[in-house]
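**Student:** structure here, sequence nowhere to be found:
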């Protein structure tokens, strides 16, 4: 299986070592605790292990079995077959972080291309090699802003329309720093407020202002005025994005964002129950040395051949130790590769097509749902591929009903925003045909009639 | 290794040049050679700021190491060589000249007494080897 | 030959994927929001497939050869893991689905929590942390939260041995702790005198990797744990080296309070060129309520016929969420598959053979390479890559190994060894492979004396030679030149 020694090889090795038995190699382990009996199920063969996993997987109803209108930070997109075919290659999947550049040029060039694509998509100058997911990218942005101002600015303004889990992770990451203040997302704040309403919270002690675009409720706002207010106070503006939406929309770079973060899962990464995903992180060149995480730069060898290498490593934990501003020592390698391949495959035209299908389908769905008596769609602000529906019944009940029709309903906003009880966040992508949408509408009509 | 006769030195490899009550501070030739090629300099203080002894003045990075430059004496910043950020290689090529980092108006001249003179510093470096 | 970048390969008008046309009424984009240009490349599918296939060939990988990278546990990654993680029921399930529709996922996660508890001797496990470094952060935040909850706010110092990974001090600093470093003694154990002098009312805890980064099991571990507990501190175990301990001993039994697992090391999930990893955290009973969540629990007990109903729970005094959703789920499926295919005896064999292989290499290299801390090692060991009378350094040995088609060991770590070469063979390598590696290492040691320039200019057969890192860091070209569109 996975340990290839034969009995005779094992004995020969022990003789070379000068040990009588394998047990002799463990004399440093306190005797009372040595060789515990583990209460684990007995070994399975490969075919049995697969069968067991199939049973578990089969106990789920996934977005393959159901028509999915659930988003809220993880989106059901089509992943072209070439993406998985390439990331499965052992040369990519079973290599380590590219510390030895001479034997890691594949990974390094792919990261360099990934950085280029993320910069191009977000309208920013530089990107890192990625973080764990969108939420940890957001947290790293807040930590970066804190250190950028040399720990002197202590106020962080978080829009309540930033993904609730992003905001939770920002707080978790920063609880070790004394005297910080987070504002903008208190429970009393109207979740439907616009980004401009944050302006009054920004002062000269503000390190970072974070908004989402499109926001958690799917809405799109012009960030020009907010960006001016942030910069007038000398603060940094962080915009959390959906990368698919940026195929259509003006970039955060154009609005003057200082940091762009985002969940990269829509770029060719399966839903996979929440992970592994991909943390996008881009910024202005001026701030590049403040970025945490891996960065790849173009280089040249002694013979003048172009190559790529991890650069700016003196920022990192293995050199700085307790003076490093982050402990991260990897990126989300294979997921960044998936996004790189996805963006290369779809390219200029394909990504725009996906975004346009999302936009068109979502607007059709919104119009159809708005026409059902008892349902109200929030459409005052422009939206991308998610929108808020006020429902005549608790969302949980509606979703139970929809499940009977093999539909995975939208996110229950009341879970994150008490004032949005009975409000559903509906996500529509290129995976939802007109037929699917009409079917959803019919199922919702039954609710209205109940 | 170059050690200039008229300067004072700290055990963490900063040099101090006194001109009246203004101290110019940089890192020594020994320090730059230990760090190897400097790729980044960030001066962390600005004019007018009051600095205590041992507080950070600058950060240096080579491809393999990072080092803080700390104030060998306290005082008020009267000039910071922010331009060094654009030309970090000067720290390697001219550590005692163009790569000065901060000028301080010193507050407590007695702090100078804790620093080494050139001969003592040279001996100190030899003792550390490589 | 240099592989062009995707931007250099781009041809205007090419398409890699097509999508159906919209069949719904057209809605125009809102005024003023449309971006002017989308500067992405334009390629056909075959261009993309060939490009990334070419790139893949420039990588060294476990599938391609021996990867004795110390502290990284580069064991073979079973292919079946890739199949199970991609089963549609797993791969297409949404993290926010109602629990009734994802009972398979929750059952798997619950089982994995239970297994990791059993393997480590801890009372509870959270699968949420995304990687080892995040697991460390989680663990230290738990220690911080515990002291704070007890009103013991003066505990601000974290003891960290000088042999530790850089992540340990970085994590402590991120968590608002002061780092106190302690030396290693001549036997490669913690210097007990220095250690005991630090134990006091300001100690939050100790972060200890055991076996440590020298590959040695600390011979005073029980004494260390007792001393930390006696002064009111907690013991953090860096699980980086758990591959030496499966079925050998359980950190929870030894008295560790909290530890992270690296599923990408010990439990064979692929390293992916730098991620995704997965860093679940296990804790002793008194820390259970501080774990990050959500965690999977049994909501309704099952019967012989009906399986239990699984659901989510957030521990009462949780440090909060450390990432989105519940963890790197795809990695959890792989680790689950791996444990299933080993059983208790198989897991013990993993560690036994990891330790056997390391000691075998150590025995065979000892006469050629100086071993600074020479005693029976666990799953890895450290030698020096330098010799009297030769200008060759550890880095040169590493680069020369590439010419012999081996991945180099870890260089320059731990920091307490001069010119360190840290070698971890793992259990999945055969005696033949280990012998071939020894032959190459011995040959290189000879070359270091006879032809040092051969090493100093190595590698000779790789796609590129040593790169100019200084120029890279000064000029900072971090993106392809993107044609103006």
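**Tutor:** On my side now, so go ahead. Everything numeric in this text was worked out from a predicted model, so none of it was measured.

**Student:** give me the neighbour count for residue A:399.
**Tutor:** 23 (other CB atoms under 10 Å in any protein chain shown). Glycine gets a C-beta too; all of them are placed from N, C-alpha and C.

**Student:** what residues are up against residue C:443?
**Tutor:** Counting by CB atoms under 8 Å, 6 or more residues apart in numbering or on different chains, residue C:443 touches residue C:404.

**Student:** same question for the one 5 residues further on.
**Tutor:** Residue C:448 makes contact with C:387, C:390, C:392, C:396, C:397, C:455, according to CB under 8 Å, 6+ apart.

**Student:** try it again with 10 Å
**Tutor:** Going by CB atoms under 10 Å, 6 or more residues apart in numbering or on different chains, residue C:448 touches C:368, C:385-387, C:389-393, C:396-397, C:400, C:454-456.

**Student:** kindly report the same for residue A:234.
**Tutor:** Counting by CB under 10 Å, 6+ apart, residue A:234 makes contact with A:149, A:153, A:202, A:203, A:204, A:206, A:207.

**Student:** remind me which helix or strand it belongs to.
**Tutor:** Under the criterion DSSP states H and E, no helix or strand holds residue A:234.

**Student:** can you check the pLDDT for it?
**Tutor:** Note on residue A:234: pLDDT of 98.

**Student:** look up the closest residue to the one residue in the stretch 101-250 of chain A that gets nearest to chain B, ignoring the ones flanking it.
**Tutor:** Closest approach between the stretch 101-250 of chain A and chain B, counting by CB to the nearest CB: residue A:150, at 7.0 Å. In space, and not counting its chain neighbours, residue A:150 is closest to residue B:44: 7.0 Å by CB to CB, 6 or more residues apart in numbering or on different chains.

**Student:** cool, residue C:360 as well?
**Tutor:** Of all residues not flanking residue C:360 in the chain, residue A:13 sits nearest, at 4.5 Å (CB to CB, 6+ apart).

**Student:** next: residue A:293.
**Tutor:** In this structure, residue A:293 finds its nearest non-sequential neighbour in residue A:128, 4.4 Å apart by CB to CB, 6+ apart.

**Student:** check the offset of the worst-scoring helix or strand of chain A on mean pLDDT from the chain's centre.
**Tutor:** Within chain A, no helix or strand scores below helix A:317-320, which has a mean of 78 by mean pLDDT, DSSP states H and E. Centre-to-centre, helix A:317-320 and its host chain are 26 Å apart (CA atoms, centre = their mean, to the nearest Å).

**Student:** and what of stretch C:399-416?
**Tutor:** In terms of CA atoms, centre = their mean, the centre of stretch C:399-416 is found 18 Å from the chain centre.

**Student:** count the neighbours of residue 36 for me.
**Tutor:** You didn't say which chain, so I picked chain A. Applying other CB under 10 Å, we find 17 residues neighbouring residue A:36.

**Student:** chain C is the one I meant
**Tutor:** The burial count for residue C:36: 8, using other CB under 10 Å.

**Student:** distance of it from chain B?
**Tutor:** Per CB to the nearest CB, to the nearest Å, residue C:36 is found 32 Å from chain B.

**Student:** residue A:74 contacts residue A:278, doesn't it?
**Tutor:** No - counting by CB atoms under 10 Å, residue A:74 does not reach residue A:278; the two are 11.4 Å apart.

**Student:** neighbour-wise, which of the two wins?
**Tutor:** Shown here are residue A:74 and residue A:278; by other CB under 10 Å, residue A:278 has more neighbours (33 against 28).

**Student:** list the residues that contact both of residue A:74 and residue A:278?
**Tutor:** The contact sets of residue A:74 and residue A:278 overlap at A:133, A:134, A:263, A:265, A:266, A:269 (CB under 10 Å, 6+ apart).

**Student:** hang on, the earlier thing: ok, so of the contacts of residue C:448, who is nearest residue A:229?
**Tutor:** Nearest to residue A:229 among those: residue C:393, at 54.2 Å, using CB to CB.

**Student:** could you check the pLDDT of the closest residue to that closest one other than its chain neighbours?
**Tutor:** Using CB to CB, 6+ apart and skipping the chain neighbours, the partner closest in space to residue C:393 is residue C:419 (5.6 Å). At residue C:419, the pLDDT value in this model is 93.

**Student:** burial measure for residue C:419, as a count.
**Tutor:** Close neighbours of residue C:419, defined as other CB under 10 Å, add up to 18.

**Student:** and the one residue in the stretch 251-400 of chain C that gets nearest to chain B, what does it touch?
**Tutor:** Nearest residue of the stretch 251-400 of chain C to chain B: residue C:395, at 10.3 Å (CB to the nearest CB). Contacts for residue C:395 (CB under 10 Å, 6+ apart) come out as A:100, C:385, C:408, C:411, C:412, C:419, C:421, C:455, C:456, C:458, C:466.

**Student:** one more: residue A:4?
**Tutor:** By CB under 10 Å, 6+ apart, the contact set of residue A:4 is C:76, C:353, C:427, C:428, C:429, C:430, C:431, C:432, C:433.
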